[in-house]
Structure formats: structure tokens, C-alpha cells
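Visitor: This is a predicted model, with the sequence first.
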Amino acid sequence: MKVATGKIVGGKVILDGADFAEGATVTVLAREDDELFEASPELENALLQAIEEAQRGDAVAGETLVSGLRNRA
């Protein structure tokens, strides 16, 4: 899984330095103009650690996660 930031330009999402394969399926989360995202130091640290784990490849594939969740239901 990748995390990227970008902006909408001409109706298209332009990512800052991220490289995705042509045709890749992505999910876009956008905050509202008046909405803030605030994290405690503990949450920020946990998020940064999770990103580092994912970058090392120490993560579960999305398909595996979804399959596991379906099997629990």
C-alpha cells in the first residue's frame, strides 16, 4: 500500500512524486475546507511507525485483509 499527497488540477488528481501503475485503483480521502486533522504525539508516532513498516514490506496485502475479514463475518 502506498500513501501519497497531491492536488486536483484540471479535474485530475496530480500526485507529488508518487509513482502508480497506469490503471491502478486508488482511494482518495480529502478533508473539507474547514476540517482539520489533528493527531496527538502518540498517534502521530504510531502512524509514522506504520508507514515505515509498510515501506519495508512488513504489511498484509489488501486482498488478504479483506478475505480474512469476510471469513470472520
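Guide: Yep, it's here. Quantities reported herein were computed from a predicted structural model and do not represent experimental measurements.
Visitor: Look up how far Phe37 lies from Thr25.
Guide: Between Thr25 and Phe37 the distance is 24 Å, computed by C-beta to C-beta, to the nearest Å. All C-beta atoms are positioned from the backbone trio N, CA, C, and that covers glycine.
Visitor: Keeping just the C-alphas, turn the helix-or-strand element of the chain with minimal mean pLDDT into PDB.
Guide: For the chain, the helix or strand with the lowest mean confidence is helix 62-72, at a mean of 85 (criterion: mean pLDDT, DSSP states H and E). What follows is helix 62-72, C-alpha atoms only, in PDB (Å, rounded to 0.1, in the frame of the first residue of the first chain):
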ATOM      1  CA  GLY A  62      -5.200  -5.700   1.000                       C
ATOM      2  CA  GLU A  63      -6.800  -8.800  -0.600                       C
ATOM      3  CA  THR A  64      -5.600 -11.000   2.400                       C
ATOM      4  CA  LEU A  65      -7.000  -8.500   4.900                       C
ATOM      5  CA  VAL A  66     -10.400  -8.300   3.100                       C
ATOM      6  CA  SER A  67     -10.600 -12.100   2.800                       C
ATOM      7  CA  GLY A  68      -9.800 -12.500   6.400                       C
ATOM      8  CA  LEU A  69     -12.500 -10.000   7.400                       C
ATOM      9  CA  ARG A  70     -15.000 -11.800   5.200                       C
ATOM     10  CA  ASN A  71     -14.200 -15.100   6.800                       C
ATOM     11  CA  ARG A  72     -14.800 -13.700  10.300                       C
END
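Visitor: for that helix, which positions count as buried?
Guide: The neighbour-count criterion (16 or more other C-beta atoms under 10 Å) identifies no buried residues in helix 62-72.
Visitor: I'd like to know which elements it is packed against.
Guide: The contact analysis (3 or more C-beta pairs under 8 Å, 6 or more residues apart in numbering; DSSP states H and E) places helix 62-72 against no helix or strand.
Visitor: distance between stretch 55-68 and the chain's centre?
Guide: Averaging C-alpha coordinates over stretch 55-68 and over its chain gives two centres that are 13 Å apart (C-alpha atoms, centre = their mean, to the nearest Å).
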